[in-house]
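Colleague: After the sequence you'll find the predicted model.
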Amino acid sequence: MRFLLQADGTAVNIADSLRYSTEKVIGALKEDPSAFMTELASQALHFAVKVIAALVIYLIGIWVIRSIKHALSRHFQRKSTDRTVASFVSSLVSISLTVLLIMLTISALGVNTTSLAAVLAAGGMAVGMALSGTVQNFAGGLMILVFTPFKVGDFISAMNCSGTVTEVSMVSTKICTVDNRIISIPNGDLSSNTVDNYSVNPLRRVDWTVNVEYGSDSDLCRKLLLEIVKSDERVLNAETEGAADPVVYLSGLNDSCISFSLRVWTEAGNYWNLYFDVNQAIYNK
């Protein structure tokens, strides 16, 4: 049996309350049908006005939110704001304004938003526990925003994924892989795990390991490998700050072969093209 708590503190059976209300409506209809229909029409019109007002508020609110997002975007572009910060702030503002708009729309319908806010607050703890992962991801997004281990446009490797960061939202980060796949990684995981950022430093070292048979001329192998890389203009030398001259050394005496390690420096954007081209050149040589 369910009860309804009235304003004076008394409890009324819900079934009895509904029966009483129904009987009251039927009685009013029998007593004066004309007045009842007039009152019903008046209430219907009043409710229709509320619905129209709520709809107008919602449509105007949507337009205002979009305008604010566009204004923020233009402001960030003028100020050359980091795209990571711009993406995160835009996402936060959009969600906050949307929640506020929903509350205003419900209020326009005549619903007591104070009671609704109290219900939301009462359920906040339960929702927070259910969405603990989302809260952790939001906190992780703030950590990424504050400490900036990477930014939009950087090429990173994390959580067994590698790609270019395209967006940092409130709860996740999107990266575009080299084969054009979009992967979303929760910010909580990114903020608590190792992130390898390949775009922070402008230069990268490229390594090759070349195996040859025992009895091969060691000096000739070193000479040929150095000739290959020194003939490529993408390979840097010690004259470039942060780089070093190409080097080859015998790095391993294996059971069936010996290993030479070749190391050179290049600009980060040339890494993979140089790596594959030198592979082909070594094979041809």
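Modeller: Looks like it arrived, so ask away.
Colleague: gap between Ala71 and Tyr58?
Modeller: Ala71 is 20 Å from Tyr58, where distance means Cβ to Cβ, to the nearest Å. The C-beta positions use only the backbone N, C-alpha and C, and glycine is treated the same way.
Colleague: Repeat that for Phe76.
Modeller: Distance from Phe76 to Tyr58, by Cβ to Cβ: 27 Å.
Colleague: What of Arg181?
Modeller: For Arg181, the distance to Tyr58 (Cβ to Cβ) stands at 36 Å.
Colleague: which one of those two has more residues nearby?
Modeller: Under the criterion of other Cβ atoms under 10 Å, the comparison of Arg181 against Tyr58 puts Tyr58 first, with 16 against 10.
Colleague: Which strand or helix spans that one?
Modeller: helix 33-78 (DSSP states H and E).
Colleague: Which other helices and strands does the helix or strand following that helix contact?
Modeller: The element immediately downstream of helix 33-78 (helix or strand, assigned by DSSP H and E) is helix 83-108. When contacts are defined as 3 or more Cβ pairs under 8 Å, 6 or more residues apart in numbering; DSSP states H and E, helix 83-108 packs onto helix 33-78, helix 113-122, helix 132-147, strand 161-168.
Colleague: now the helices for the stretch 151-285 of the chain?
Modeller: Per DSSP state H, counting those that start in this stretch, the stretch 151-285 of the chain carries helices over the ranges 187-192, 218-230, 271-284.
Colleague: which residues does Asp207 contact?
Modeller: Ser261, Leu262, Arg263 (Cβ atoms under 8 Å, 6 or more residues apart in numbering).
Colleague: Go again with 7 Å.
Modeller: The contact partners of Asp207, by Cβ atoms under 7 Å, 6 or more residues apart in numbering, come to Ser261, Arg263.
Colleague: do the same with Thr266
Modeller: Residues in contact with Thr266 (Cβ under 7 Å, 6+ apart) are Arg204, Val206, Arg234, Val235, Leu236, Leu274.
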